[in-house]
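Q: How does the following fold in three dimensions:
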Amino acid sequence: LSSSFTRPDCTVGQVYPQLLKALCALMDHALGGIVDSDCWYGTFYRWFQEDRQLWERERSTVHHLQAFGGMGSFNDLVFTRGFPGGKAGFERFYEVYRLVKELSYTAAELWHEAQKRSPESKAFDVLIDYRGVPVSICTCSEGHRWMKEDLGIPYYASAASTMAEMSAGFELVAERGGEAAVEYLLHNTLPFDRGPVLRAMGAAVARLGLAPRPNDCRACRRKKQECEILYLLGFPMEASKDFFRVEMTPEIGN
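A: Predicted coordinates:
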């Protein structure tokens, strides 16, 4: 595993269609091959097949994004009797489902954001990136600046784990393809290390030049402070006002 946190070596155009194949393979696994079923899994198998067609025809991810959020969405999944492999089989399936849907949603969201920002662009691709992790920077009336939270709290450890796992997931899909990635994940644990991400977060905060909150400043001790929300994102990671960074690149073959 790398000692530094770097960008996955892939683009949305490379991994998004493979992730749709991965989602269809997952639904097929849950259905035991009966893909015309009217149950939850069958409904989303056909949904993702339509997503694949829309990507091939229109390079659109809007329909895919509509699968998430609200009652009956792709986020609503519970164990059902008769699942292949029983409870243990469902638990393994759920871990793969959780990761793959996060990867597909991120790729689709990046693509949609790029289209909104540059609607005139026709032959482009988008480098993989992540949503920013928020940090609160407080400034008192005397000019002292400090980070309200501590990077050691569980929230940042969890965010670092998510980003590290997603990075490994994107690389797996780019290397093996969606269907082979699902087959691997159903039988293996994906290795990832959150340590480099936490170190990148620490370096990004350090570059802000903050000082520890002083104990002898009355203004700093007031309950209400002026706080600015910044987001840790990018490669190398930095603190930015942007929640989502979109970096476009020429489409392969153009």
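Q: Now do the buried residues in stretch 98-109.
A: Buried residues in stretch 98-109, defined by neighbour count with 16 or more other CB atoms under 10 Å: 99-109. (Each C-beta comes from the backbone N, C-alpha and C, glycine too.)
Q: before we move on, what about stretch 152-172?
A: Buried-residue list, stretch 152-172, by 16+ other CB under 10 Å: 156, 159-160, 162-172.
Q: In JSON lines, list the buried residues of stretch 98-109 along with secondary structure and distance to residue 48.
A: Formatted as JSON lines, those follow (DSSP: H, G, I helix; E, B strand; the rest coil; distance: CB to CB, whole Å):
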{"residue": "99", "secondary structure": "helix", "distance to residue 48": "16"}
{"residue": "100", "secondary structure": "helix", "distance to residue 48": "11"}
{"residue": "101", "secondary structure": "helix", "distance to residue 48": "10"}
{"residue": "102", "secondary structure": "helix", "distance to residue 48": "15"}
{"residue": "103", "secondary structure": "helix", "distance to residue 48": "13"}
{"residue": "104", "secondary structure": "helix", "distance to residue 48": "8"}
{"residue": "105", "secondary structure": "helix", "distance to residue 48": "12"}
{"residue": "106", "secondary structure": "helix", "distance to residue 48": "16"}
{"residue": "107", "secondary structure": "helix", "distance to residue 48": "13"}
{"residue": "108", "secondary structure": "helix", "distance to residue 48": "11"}
{"residue": "109", "secondary structure": "helix", "distance to residue 48": "16"}
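Q: Which one of those is nearest to residue 124?
A: Distance to residue 124 across the buried residues of stretch 98-109 (CB to CB) is lowest for residue 107, with 14.4 Å.
Q: Can you tell me the SS state at the closest residue to the closest one other than its chain neighbours?
A: Leaving aside its sequence neighbours, residue 107 sits nearest to residue 16 (CB to CB, 6 or more residues apart in numbering; 4.3 Å). Three-state assignment for residue 16 (DSSP: H, G, I helix; E, B strand; the rest coil): helix.
Q: I'd say residue 165 and residue 189 touch.
A: No: judged on CB atoms under 8 Å, residue 165 makes no contact with residue 189 at a distance of 10.5 Å.
Q: Please name the residues that touch residue 49.
A: Counting by CB atoms under 8 Å, 6 or more residues apart in numbering, residue 49 touches residue 24.
Q: Could you pull out the helices in the stretch 51-200 of the chain for me?
A: 62-65, 86-117, 154-176, 178-187, 195-206 (DSSP state H, counting those that start in this stretch).
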